[in-house]
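A.B. asks: could you work out the structure for the sequence below:
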Amino acid sequence: CSVGIQLVRKLKIGGRAFLGWNHGPVMSNWEWLMCFEDSQNIAKTNGIAESGVKVDFDAVEDGYLFPPHTNVLEDKRSFLYQYPAYSIFLTRLE
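C.D. replies: You can find the predicted model right below:
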């Protein structure tokens, strides 16, 4: 979470970021959303002098972003099409 906040801080206002191939059991899209919404408190907890960040947040399942391809579906090691793999799109608001 703190790494995500640091990455968004590097964006200019209006700048966009794509964080893809997230796996839900590791960190769900709701946890990411709460991370950015609570970034002010997280920054204070981790001793970061800067304030929190405000973002426009959108999460999309990777299965919708990357259409199925027969070669990929044969490879069971990829979690791309295994629910709940998702990507998040961020726009820095302030």
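A.B. asks: quick one, helices of this protein?
C.D. replies: With helices called from DSSP state H, the chain shows them at 2-9, 29-37, 39-45, 62-65, 70-74.
A.B. asks: what's the closest of these to Pro84?
C.D. replies: Proximity to Pro84 (Cβ to Cβ) singles out helix 29-37 among the helices of the chain, at 8.0 Å. For the C-beta atoms, the positions are set from N, CA and C on the backbone; glycine is no exception.
A.B. asks: where does the chain have its least confident helix or strand?
C.D. replies: The least trusted helix or strand in the chain, going by mean pLDDT, DSSP states H and E, turns out to be helix 70-74, with a mean of 61.
A.B. asks: where are the low-confidence patches of the chain?
C.D. replies: 43-44, 46-50, 68-83 (pLDDT under 70).
A.B. asks: go with 80
C.D. replies: 21, 23-25, 40-52, 63, 66-84 (pLDDT under 80).
A.B. asks: start and end of stretch 18-29, how far apart?
C.D. replies: 13 Å (Cα to Cα, to the nearest Å).
A.B. asks: neighbours around the residue lying closest to Trp32 once chain neighbours are set aside, how many?
C.D. replies: Of all residues not flanking Trp32 in the chain, Ile88 sits nearest, at 5.7 Å (Cβ to Cβ, 6 or more residues apart in numbering). Close neighbours of Ile88, defined as other Cβ atoms under 10 Å, add up to 19.
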